[in-house]
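[1] the following comprises the amino acid sequence and a computationally predicted model.
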Amino acid sequence: MCIFCKIVEGQIPSNKIFENDDFLAFHDLYPKAPIHILVIPKKHVVCFQEVTAEMMAGMTPFIQEVATLTGIDKSGYRLIVNNGEDGGQEVHHLHFHVLGGGKLRFEHLTDETHKSL
Ligand code: 5GP
Ligand code: ZN
């Protein structure tokens, strides 16, 4: 069982924010912003490339609700999905990073970074 499935099952503790029958939001263990939340489907889906449109139809309002509950719906936030090896995905259970709580830089997507790839 993958690490996020273990979090869903309660076998590994997590700092949960919000959940429904299909999705779970919890704080990232190593936050990269003042607010750094992970949103996952409770069902194991490996990556964004494998998610169904039906699942995304539920995921979208869930993420919006998480943003509202944590007070970043108006101030703004960034969604990141790392997909596969080149995308830097380390946990192979689909997750949306929800980052906010302060003005975010865009340092990983500058022209300089692009040229060095
Ligand atoms: P990825 O690199 O796969 O897009 O992101 C994985 C994220 O999961 C990272 O931001 C990492 O800090 C987070 N993470 C890894 N293990 C755990 C854990 O056991 N608990 C929580 N809450 N976050 C984790
Ligand atoms: Zn899983």
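    In hand now; what should we look at? Ligands and ions are numbered 1, 2, ... in the order given.

[2] strand partners of the longest strand seen in the chain, parallel vs antiparallel please.
    Determined from DSSP state E, the single longest strand within the chain is strand 35-41. Counting by DSSP bridges, the strands paired with strand 35-41 are strand 23-27 (antiparallel), strand 96-100 (antiparallel).

[3] so which residue is smack in the middle of the chain?
    Residue closest to the average C-alpha location in the chain (CA atoms, centre = their mean): Phe96, at 2.1 Å.

[4] where does that residue land on pLDDT?
    Note for Phe96: predicted pLDDT of 98.

[5] who touches the nearest residue to it once chain neighbours are set aside in this structure?
    Distances taken as CB to CB, 6 or more residues apart in numbering place Val39 nearest to Phe96, at 4.4 Å, with adjacent residues excluded. The way it works is simple: take the backbone N, C-alpha and C, and place the C-beta from them, glycine included. Val39 makes contacts with 23-25, 59, 62-63, 66, 95-96, 98, as judged by CB atoms under 8 Å, 6 or more residues apart in numbering.
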